[in-house]
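K.L.:
Only the shape, not the letters, is given here:
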C-alpha cells in the first residue's frame, strides 16, 4: 500500500511521541527509585549502627528530607534554565548528575556524608522532574496530553515500586550499597540512548524565535510548529508574547492559580514522602515482618501507577481539576480506613487505593500544571510545581519521624495524612477553571539568517 504524505507524517509523529514518552518514563522510573530507595533501607539503618552510624528516628527523618531539599532547589533552578537553554540539555545533564550522585552515595560510611550526597543527588532529580513534564506536554497530541503526562509521571511510582520489589528480593544479598548502585545505571544505559533519540521541543524553539531549528525538527519528527498557545484565561497568545519564565508565571492572571498549584503539589508530596519513607516502619510496628512491611510499599506504588493512568483518561475528557480533587478525597478516606482492624487482604487493597490518592494524585497534578500554562512559562510552571511541592516532600519524612519518635499511637499517625488529603481537596477546588482550549494553527516558518546548521544540529541531536 502506498503511503500518502499525511500518513507518513502521522507515522513520524507517533514514532516521535513513543520515543519521547518512553525515554521520559524510564528517566522518571529511576527518579522515583532514587528517592524512595531510602525508605526501603531506613529500618536497617535504625537497627544497625555499623552501617552509617547511630541513626535515631529524628535523624532518619532528616536524612530522608535532604534529598528533597536538593530536589526543591534543582527544580526551581531548572525552571529558569529549561525555559532559556532548552528542555533537552537540562534532561541529559540531569540524567548524568543524579546517576553520579547515587554511585557516590553508595560508597559513604557516615550519616553526614550520606546526607550531603542525598542532597547532591536531589539536585539532579529535581531538574529532571521539573523539565520532563514540559517536554512531554509540548509533544503530546491534542486530547491525550493528560494521558501522556500520566504515563510519563507514573514512572515515579513505578520506580518506587521497583525499589520495594528489589528490596524484597535482593536487599539481604546486595545490602543497602547495592540498592543505591542500581540507581546509578542511567549513566551507562538511559543517557546514551536519550542523547541520540530525544529531540529538543519544537514549541520551545519557536517560542525563542529559533525558527530554522524548529522547522528542521518539525520535518524530522512530524510535529507541527504552534503559532499560538492557550493562556490561563482561555485567550490565544502568540508563543513569543508575554513575559517568559518565572516573571511570566507571577504576572497577570497566573498569580493566584500558580500559588494554589504550588500548595496542591506541596500537600500531595507531603503525603507521598511521609508514606514512602515511613510506611514499612509503621507496618513493622504493627506486627508485620520485614518483607511483609515492604510489601505494603510495593502495593502502595502499584496502586499509584494504575490509578494515575486510569484517572488521566477521565481527566482528558472532563478536565483534570475534578479528577485531582476526587483523588485527594479518595486518598483521605482510604488512609483513615487503615486505622480499622481489617484482614491482611483488605489492608493491602486499601493501601493500593491510598497509592491512587497520594502518588497517583501527584502524577495527575503534573499533567494539570504542564497543560495549564503557555509555552514560554510552561517550564517554569512545572518547575514551580515540582520545586515548591518539595517543601511538602521535605516535610513528609520529618513529620513521620516526629510522630513516630514522639510515641504517638498508630491510629493518630494515620489521621494526620488523612487530614492533608482533605486540605488537598480544598486547594484543588479553588483553582480557577480555564476555558476549553482552542484548536491550534500551524504557522508558516521561513529560515532566519541567525540559525545556522550548527544550531540546528545541536537542537535536533545526532541523527540516527
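P.N.:
Yep, that arrived. For clarity, every value in this text was computed on a predicted model and none was experimentally measured.
K.L.:
Tell me the first helix or strand C-terminal of the helix or strand of the chain with the lowest mean pLDDT.
P.N.:
Per-element confidence for the chain was summarised using mean pLDDT, DSSP states H and E. The lowest value among helices and strands belongs to strand 236-238, with a mean of 41. With elements assigned by DSSP states H and E, the helix or strand that comes after strand 236-238 is helix 245-249.
K.L.:
Check the offset of that following helix from the chain's centre.
P.N.:
21 Å (C-alpha atoms, centre = their mean, to the nearest Å).
K.L.:
Tell me which residues are up against it.
P.N.:
Surrounding helix 245-249, the residues in contact under the criterion C-beta atoms under 8 Å, 6 or more residues apart in numbering are 79-80, 83-84, 242, 254, 258, 373-374, 376-377, 379-381, 384. The way it works is simple: take the backbone N, C-alpha and C, and place the C-beta from them, glycine included.
K.L.:
Kindly recompute the last result at 10 Å.
P.N.:
Helix 245-249 is contacted from outside by 76, 79-84, 231, 241-243, 254-255, 257-258, 262, 373-374, 376-381, 383-384, using C-beta atoms under 10 Å, 6 or more residues apart in numbering.
K.L.:
Low-confidence stretches in the protein?
P.N.:
Scanning the chain for pLDDT under 70 picks out the ranges 1-9, 226-245, 289-290, 292, 434-464.
K.L.:
In it, where's the longest helix?
P.N.:
Among all segments of the chain classified by DSSP state H, the helix with the greatest residue count is helix 5-47.
K.L.:
For residue 275, see how far away residue 282 is.
P.N.:
Noted for residue 282: a distance of 9 Å to residue 275, by C-beta to C-beta, to the nearest Å.
K.L.:
Mutual contacts of those two, please.
P.N.:
By C-beta under 10 Å, 6+ apart, the residues touching both residue 282 and residue 275 are 296, 400, 414.
K.L.:
can you tell me which of those residues lies nearest to residue 105?
P.N.:
Using C-beta to C-beta, residue 400 is the member of the shared contacts of residue 282 and residue 275 that sits closest to residue 105, with 20.9 Å.
K.L.:
Now for the closest one: which residues touch it?
P.N.:
Applying C-beta under 10 Å, 6+ apart to residue 400 gives the contacts 39, 42, 57, 60-61, 64, 270, 273-279, 281-282, 413, 416-417.
K.L.:
could you redo the last one with a cut-off of 6 Å?
P.N.:
274, 277-278 (C-beta atoms under 6 Å, 6 or more residues apart in numbering).
K.L.:
Reformat the residues you listed as JSON lines; add secondary structure.
P.N.:
As requested, the contacts of residue 400 are exported to JSON lines (DSSP: H, G, I helix; E, B strand; the rest coil):
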{"residue": "274", "secondary structure": "helix"}
{"residue": "277", "secondary structure": "helix"}
{"residue": "278", "secondary structure": "helix"}
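K.L.:
Considering those residues, which is situated nearest to residue 27?
P.N.:
Minimum distance to residue 27 across the contacts of residue 400 is 22.1 Å, recorded for residue 277 (C-beta to C-beta).
K.L.:
Assess the claim that the closest one and residue 39 are in contact.
P.N.:
Yes - using C-beta atoms under 6 Å, residue 277 is in contact with residue 39, at 4.5 Å.
K.L.:
Between these two, tell me which one has more neighbours.
P.N.:
A side-by-side neighbour count of residue 277 and residue 39, using other C-beta atoms under 10 Å, places residue 277 first with 29 against 26.
K.L.:
what packs against the helix or strand where residue 96 lies?
P.N.:
Residue 96 is located in helix 87-105, with elements delineated by DSSP H and E. Helix 87-105 sits against helix 57-85, helix 111-139, helix 190-197, with contacts defined as 3 or more C-beta pairs under 6 Å, 6 or more residues apart in numbering; DSSP states H and E.
K.L.:
tilt between it and helix 57-85?
P.N.:
150 degrees (axes from the mean of the first three to the mean of the last three C-alpha atoms, to 10 degrees).
K.L.:
what's stretch 70-86 in contact with?
P.N.:
90, 119, 122-123, 125-127, 130-131, 200, 244-245, 379-380, 383, 386-387, 390.
K.L.:
Give the PyMOL command for selecting the buried subset of these.
P.N.:
Buried residues among those (16 or more other C-beta atoms under 10 Å), as a PyMOL selection:
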select buried, resi 90+119+122+123+125+126+127+130+131+200+244+245+379+380+383+386+387+390
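K.L.:
Counting neighbours, what do you get for residue 259?
P.N.:
Neighbours of residue 259 under the rule other C-beta under 10 Å: 16.
K.L.:
After the helix or strand harbouring it, heading C-terminal, what element do we hit next?
P.N.:
With elements delineated by DSSP H and E, residue 259 resides in helix 255-285, which encompasses its position. From helix 255-285 onward toward the C-terminus, using DSSP H and E, the following helix or strand is helix 290-318.
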